[in-house]
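> I would like the atomic coordinates for the input below:
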Amino acid sequence: MLLRAIEESDLLTLHKWANDPELQDAMGAIHFPSSMDFHKRWFERLKDDPLNQRFAIEAPDLGLIGLSSIINIDWRNNHAWHGVMIGDKNTRGKGYGVDAVMATVRYAFDELHLQRLDGSMIEYNTISIKSYCGEKLGWKEEGRRRDYYFRKGRYWDQIVVGITVGDYRELIEKTNYWDEN
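Residues are numbered from 1 along each chain as shown. As a prediction, the model looks like this:
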């Protein structure tokens, strides 16, 4: 698995994922159907944006399978928000998401010198919650905002999660993740 810069040639696939209602229902932020022109403008803004870093997730022999983000970077207090999306449903559940999150967290803590990352999930996205807050990724559930998202005709809670650099170092020492991957 490789994290790399998003290229203009990725936009067709990203446009398809952005307009996939099933995929978008699993995401926290609301995303309206969007045009290719919207994606081209978004891509142009990425180039000079020091507060938002987005990476293409590429799998060997498969190419682009998702996106990983470090956004809303607060350089003064050294924290940011993180999210990951595996867009191709045929690649989910194969460990690419865990590898992408680990690589992103490593980059955030070891290269960007951030102190913590935050994230959130819709309460019905139990696969994501278990992945982030399980033994492999080591994030902590830090709270719940009741009736935060409106999806599928009703309100759902937002599960707030986070990881500090200390949590990450403890996880690496316990799992030897980078020695095995």
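
> for the rest of this, base every contact and every neighbour count on C-alpha atoms.
Noted.

> would you mind giving the secondary structure of the closest residue in space to residue 91 that isn't next to it in sequence?
Among residues not flanking residue 91 along the chain, residue 65 sits closest, at 7.1 Å (Cα to Cα, 6 or more residues apart in numbering). Following DSSP: H, G, I helix; E, B strand; the rest coil, we place residue 65 in the strand state.

> okay, now residue 65: neighbour count?
Residue 65 has 23 neighbours, counted by other Cα atoms under 10 Å.

> before we move on, what about residue 33?
Using other Cα under 10 Å, residue 33 is surrounded by 13 other residues.

> assess the claim that it and residue 15 are in contact.
No. At 9.2 Å, residue 33 and residue 15 do not qualify as touching, with contact defined as Cα atoms under 8 Å.

> quick revisit: confidence score at the residue nearest to residue 91?
Confidence at residue 65, expressed as pLDDT, is 96.

> my guess is it contacts residue 92. True?
No. Counting by Cα under 8 Å, residue 65 stays clear of residue 92, with 9.1 Å between them.

> identify the contacts common to the two.
By the contact definition Cα atoms under 8 Å, 6 or more residues apart in numbering, residue 65 and residue 92 are jointly contacted by residue 86.

> ok, the residue nearest to residue 91 - contacts?
56, 57, 58, 59, 86, 87, 88, 91.

> ok, the nearest residue to the fourth one once chain neighbours are set aside to residue 76 distance?
Spatial nearest neighbour of residue 59, chain neighbours left out: residue 1 (4.6 Å); criterion: Cα to Cα, 6+ apart. Relative to residue 76, residue 1 is positioned 31 Å away (criterion: Cα to Cα, to the nearest Å).

> again with residue 13
Note on residue 13: its distance to residue 76, by Cα to Cα, is 35 Å.

> so which of the two has more stuff around it?
Neighbour totals were compared for residue 13 and residue 76, and residue 13 leads with 14 against 7 (other Cα under 10 Å).

> so which helix or strand takes in that one?
Assigned by DSSP states H and E, residue 13 belongs to helix 11-18.

> would you indicate which residues of that helix are buried?
For helix 11-18, the neighbour count (16 or more other Cα atoms under 10 Å) marks 11, 14, 15, 17, 18 as buried.

> could the residues you listed be laid out in JSON lines, adding distance to residue 179 and pLDDT?
Shown next, in JSON lines, are these (distance: Cα to Cα, whole Å; pLDDT from 0 to 100):
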{"residue": "11", "distance to residue 179": "34", "pLDDT": "96"}
{"residue": "14", "distance to residue 179": "32", "pLDDT": "93"}
{"residue": "15", "distance to residue 179": "36", "pLDDT": "93"}
{"residue": "17", "distance to residue 179": "33", "pLDDT": "91"}
{"residue": "18", "distance to residue 179": "35", "pLDDT": "88"}
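
> want to throw the residues you listed into TSV with distance to residue 136?
Listed next are these as TSV, based on distance: Cα to Cα, whole Å:
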residue	distance to residue 136
11	31
14	27
15	30
17	26
18	28
